[in-house]
Every structure is written in C-alpha cells, then in structure tokens.
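Chemist: got a predicted model here, sequence first, then my questions.
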Amino acid sequence: VVFDRVLKRFRDNIRRRQYVVTIHAEEEMDDDRLTIFDVDNVSGAMMARRSSLVCDICGEKAARLRKVTRSYGHGTNLLVIEGVPVITCSHCGESYVTAETLHEIERIKLHRKSLAAKRVVPIAAFA
C-alpha cells in the first residue's frame, strides 16, 4: 500500500514536471540515447522535489543557478547549447537540471537544423 502511494506520487510529479535530473544522469541518458521523454514514461526513479535555492539533492540552502555550455553527440553530430541553466550545490557538490530544462534541451536537439548556427570550433586532443 505504501509503495503504491509513493509510486503514484512519483508519477504525479513526473506528469507535472516537478523533478530534477543530475548532470551525471543526463550525461548517461545522452550516452544511452535516452531522452527526457523516456524519463517521463517511467516510474520516476530520478524524481526529486523542486524548490528555490534549496538543493533538491541534500536539502541544504546552498544551491545556486548557473548558465553553462553543454555539448551533445560526437563528431558531425555534435551540438553545443549555450546558456543552459544548471543548479549547483556548494554543500553536496551535485549539479542538476530541472525537467523543464531537459524538455527544452530535447526540443533544441529535435529542431537543431532550424535553431543552431554553424560555427567553426577548434578542437584539441589531450596528449
């Protein structure tokens, strides 16, 4: 009975996009070619409560919003998105993005041809 209530709450929060996903989990999703839409269709294992300036991972009032540049894909399929809002906690060290941010990233990835400007970028290999 308790499990059913918790699972229902997870699913309700997913439907309302009231969850966060760690940067590590997002990178793993990208490597596995999963999208946020796949997360929306599961039980909510990556779900957590959202609140302002309180870290959704550790609960401390040590979170801050940063804008970062993230890359997705490799080689000719590389897409760089600038200004991605990421929440970082100075207490636990975790960084994560909201469900809304992940949905916007997926929208940009789906419409990359019309939204992305082509730029020449120097690339170096670590020796």
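Modeler: Nice, thanks for sending it over. Note that the structure is a prediction, hence the values are computed from the model and not measured.
Chemist: residues contacting the spatially closest residue to I57 that is not a sequence neighbour?
Modeler: Nearest residue to I57 in three dimensions, chain neighbours excluded: E94, at 4.4 Å (CB to CB, 6 or more residues apart in numbering). Just so you know, the C-beta spots here come from the backbone N, C-alpha and C atoms, and that holds for glycine as well. E94 makes contact with T22, I23, C55, I57, C58, T88 under the criterion CB atoms under 8 Å, 6 or more residues apart in numbering.
Chemist: got a winner among those for most neighbours?
Modeler: Highest neighbour count within the contacts of E94: C55, with 23 neighbours (other CB atoms under 10 Å).
Chemist: give me the secondary structure label for R64.
Modeler: Classification of R64 by DSSP: H, G, I helix; E, B strand; the rest coil places it in strand.
Chemist: quick one: contacts for the nearest residue to it once chain neighbours are set aside?
Modeler: Spatial nearest neighbour of R64, chain neighbours left out: T88 (6.0 Å); criterion: CB to CB, 6+ apart. With CB under 8 Å, 6+ apart as the criterion, the residues that contact T88 are A63, R64, R66, E94, S95.
Chemist: same check, this time on E60
Modeler: Contacts of E60 (CB under 8 Å, 6+ apart): V54, C89, H91, C92.
Chemist: quick check: it vs V86, distance?
Modeler: According to CB to CB, to the nearest Å, E60 and V86 sit 17 Å apart.
Chemist: just the buried residues of the helix or strand where V80 lies, please?
Modeler: Applying DSSP states H and E as the criterion places V80 in strand 79-89. By neighbour count on 16 or more other CB atoms under 10 Å, the buried set for strand 79-89 is I81, V84, V86, I87, T88, C89.
Chemist: which residue is nearest the middle of the chain?
Modeler: Central residue of the chain (CA atoms, centre = their mean): V97, 4.0 Å from the mean position.
Chemist: looking at the chain, which helix or strand is least sure?
Modeler: helix 36-40 (a mean of 71; mean pLDDT, DSSP states H and E).
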